[in-house]
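1. Build me a model from this:
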Amino acid sequence: MNLKKAATFAMAVSMVATMTACGSKSESGSSASPENSTAPSASAAPSASTAPAQSAAPAITPEAGATLKIWEDKPQQGFLDARLKDFTDKYGVKVTFEELPPTDQVTKLTTDGPAGLGADVVVFPHDQVGRAAQAGLILPNDVFADEVTAANSEKAVKAVTFENILYGYPYNNETYAMFYNKKLFPTPPATFDEIVNFAKTYNDPKNNKYTLMWELQQFYYDFGFLATTGGYVFGSDNTNKDDIGLNNEGAIEGAKFMQSLKSTVLPVKTGDVSGDIKNGLFQAGTLALDINGPWRISDYKKAGVDFGVAPLPSFNGKPMSSFSGVKAYYVNANTKYPNASKLLAEFLSSKESQMKNFEMTGNLPSNKEVAADPKVTGDPITQAFLKQFENSVPMPALAEMASVWGPITSAMTDIWDGGKDVKSSLDNAVTQIKDAMKTSK
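-> Got it, this is the predicted structure:
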């Protein structure tokens, strides 16, 4: 993931098929990495009856006197204001919105859930579903499992499933791509060589003129450099926690290339490129290229920026990869109103809601019918994200991902800010990750 912030973000560390974002992660949907506690196991959670045929009425009704709270990201507030009113009109259940970045929600739910203070319905990128499920923080999606499975892309459903149990109600596939200012780049650059050449005459830090920015402190975005040349988080398609590929030859090659961009393209420190700073420069017209997610589309349109979106540029002869993810609603295992909460999660992730969300925010739908709608297929910005998604890597959903974000983010900071040796920095990060995984057992 709006995985806004993740990528330490947890994104770290994965439209029509399974897109973060971030989120807003600072934007990326998965940057800063949240962390842990104990609650009753999800397998012990009360289960409702299996969903009936799609033509039948829901098998549950809201509890008497139910009132709900939902945590969501700020960019989703307009959409929620509209749909929560519709939900209240339909079910007679009042819902309050509380702003909380998706990447922070599992950590907060760890303490607030058992204490009875957590939201009834929460949202987070799919890379955290394993952690949340193992801690018993969320209920399985049982009542609406058939409908959700049939309506959404297979990859989206798989992303929000952990150990063969469906937990999520997916509504958004996302990855990041390259926004470009059409006044500065009438045609988007296809390679980093073009970007480096443009920066030679355009960059002017004193006047806030930069060629390219991404959130340097978010591994959600940095991962693309390592992955393009062969790096990976976990082996066997991110299912083998014992095989960490963040310091293999490919990862080292990609990190060295990224390090070279400090002197040629982006002469700042990691802390100088927050989401707000970067977004402000792009809206002001002084930032030519912005690596960002679809959650930023609405703001840039409102700001009147003449922009386009293109897949990420290639380097070392390879198209740049990215993380991708699926955001979904989940029901707090400690909610007092599980029936009403499940109805709300289903309502907000329904076909009608996903279409409205796309129209209002640009969120890329996981629902197959919405994804095939002409409004979606005919939109060039959406299609650019979809093309980038084809070259993306889903964020790992293993609970061990929580041990990755901190060490690898520190390593990338050392590499960028301190100019430290790439291999030794990545080797050290992997050692720390393995140690953290051992102590978290």
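2. Now name the helix or strand holding residue 170.
-> Per DSSP states H and E: residue 170 is located in strand 169-175.
3. That strand packs against which elements?
-> Secondary-structure packing of strand 169-175 (3 or more CB pairs under 8 Å, 6 or more residues apart in numbering; DSSP states H and E): helix 154-159, strand 322-331, helix 338-348, helix 351-361, helix 380-389. In short, each C-beta sits where N, CA and C put it, glycine included.
4. For the ones you listed, give me TSV that also has distance to residue 425 and mean neighbour count.
-> TSV is the format used below for the helices and strands packed on strand 169-175 (distance: least, CB to CB, whole Å; neighbours: other CB atoms under 10 Å):
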stretch	distance to residue 425	mean neighbour count
helix 154-159	30	22
strand 322-331	20	34
helix 338-348	41	25
helix 351-361	37	19
helix 380-389	27	20
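5. Present these as a markdown table; the columns should include distance to residue 171 and mean pLDDT.
-> What follows is the helices and strands packed on strand 169-175, written out as a markdown table (distance: least, CB to CB, whole Å; pLDDT from 0 to 100):
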| stretch | distance to residue 171 | mean pLDDT |
| --- | --- | --- |
| helix 154-159 | 9 | 86 |
| strand 322-331 | 6 | 95 |
| helix 338-348 | 7 | 98 |
| helix 351-361 | 6 | 94 |
| helix 380-389 | 15 | 89 |
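6. Now those in TSV, please, with extra columns for distance to residue 309.
-> Listed next are these as TSV, based on distance: least, CB to CB, whole Å:
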stretch	distance to residue 309
helix 154-159	21
strand 322-331	13
helix 338-348	26
helix 351-361	15
helix 380-389	4
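7. Among these, which comes closest to residue 398?
-> Evaluated over the helices and strands packed on strand 169-175, closeness to residue 398 peaks at helix 154-159, with 12.3 Å, by CB to CB.
8. From the chain's centre, how far out is the closest one? Work that out for me.
-> Between the centre of helix 154-159 and the centre of its chain there are 14 Å (CA atoms, centre = their mean, to the nearest Å).
9. in terms of contact, does residue 414 touch residue 425 like I think?
-> Yes: judged on CB atoms under 8 Å, residue 414 makes contact with residue 425 at a distance of 4.9 Å.
10. the more surrounded of these two?
-> Between residue 414 and residue 425, counted using other CB atoms under 10 Å, residue 425 has the larger neighbour count: 22 against 19.
11. Quick check: which of the helices and strands packed on strand 169-175 is nearest to residue 91?
-> Comparison of the helices and strands packed on strand 169-175 against residue 91 by CB to CB identifies helix 338-348 as nearest, at 6.2 Å.
12. Show me what the closest one is in contact with.
-> 46, 48, 58, 60-63, 66, 68, 70, 80, 83, 86-87, 90-91, 93, 95, 120-121, 139, 141, 143-144, 147-148, 169, 171, 329-332, 335, 353 (CB atoms under 8 Å, 6 or more residues apart in numbering).
13. from those residues, which ones fall inside helices?
-> Per DSSP state H, helices hold the following members of these: 80, 83, 86, 87, 90, 91, 147, 148, 353.
14. next helix or strand past the strand holding residue 170?
-> Once the chain leaves strand 169-175, the next helix or strand it forms, by DSSP H and E, is strand 177-181.
15. For that next one, enumerate its sheet partners and note whether each is parallel or antiparallel.
-> strand 287-292 (antiparallel), strand 307-310 (antiparallel) (DSSP bridges).
16. Dump that strand to CSV, restricted to CA.
-> Provided in CSV are the C-alpha atoms of strand 177-181 (Å, rounded to 0.1, in the frame of the first residue of the first chain):
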residue,chain,number,x,y,z
ALA,A,177,5.0,3.9,-11.0
MET,A,178,6.5,7.1,-12.3
PHE,A,179,4.5,10.3,-12.4
TYR,A,180,5.9,12.8,-14.8
ASN,A,181,5.3,16.5,-15.3
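17. tell me the mean pLDDT over it?
-> Averaging pLDDT along strand 177-181 yields 98.
18. Show me how far stretch 370-378 is from its chain's centre.
-> From the chain centre to the centre of stretch 370-378 is a distance of 21 Å (CA atoms, centre = their mean).
19. Now do the end-to-end distance for it.
-> 12 Å (CA to CA, to the nearest Å).
20. what residues does that stretch touch?
-> 15, 16, 153, 351, 354, 355, 358, 359, 364, 365, 382, 383.
21. Can you lay out those residues as a markdown table showing distance to residue 195?
-> Shown next, in a markdown table, are those (distance: CB to CB, whole Å):
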| residue | distance to residue 195 |
| --- | --- |
| 15 | 24 |
| 16 | 28 |
| 153 | 32 |
| 351 | 39 |
| 354 | 34 |
| 355 | 36 |
| 358 | 30 |
| 359 | 33 |
| 364 | 25 |
| 365 | 31 |
| 382 | 24 |
| 383 | 22 |
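22. Which among the contacts of helix 338-348 count as buried?
-> Neighbour-count burial (16 or more other CB atoms under 10 Å) applied to those gives 48, 58, 60, 62, 66, 68, 70, 80, 83, 87, 91, 93, 95, 120-121, 139, 141, 143-144, 147-148, 169, 171, 329-332, 335, 353.
23. Looking at the strands paired with strand 177-181, which is nearest to residue 194?
-> Comparing these against residue 194 with CB to CB, the closest turns out to be strand 287-292 (10.2 Å).
24. which helices and strands sit right next to the helix or strand following the closest one?
-> Moving toward the C-terminus from strand 287-292, the next helix or strand (DSSP H and E) is helix 297-302. With contacts taken as 3+ CB pairs under 8 Å, 6+ apart, helix 297-302 sits against helix 275-284, helix 351-361.
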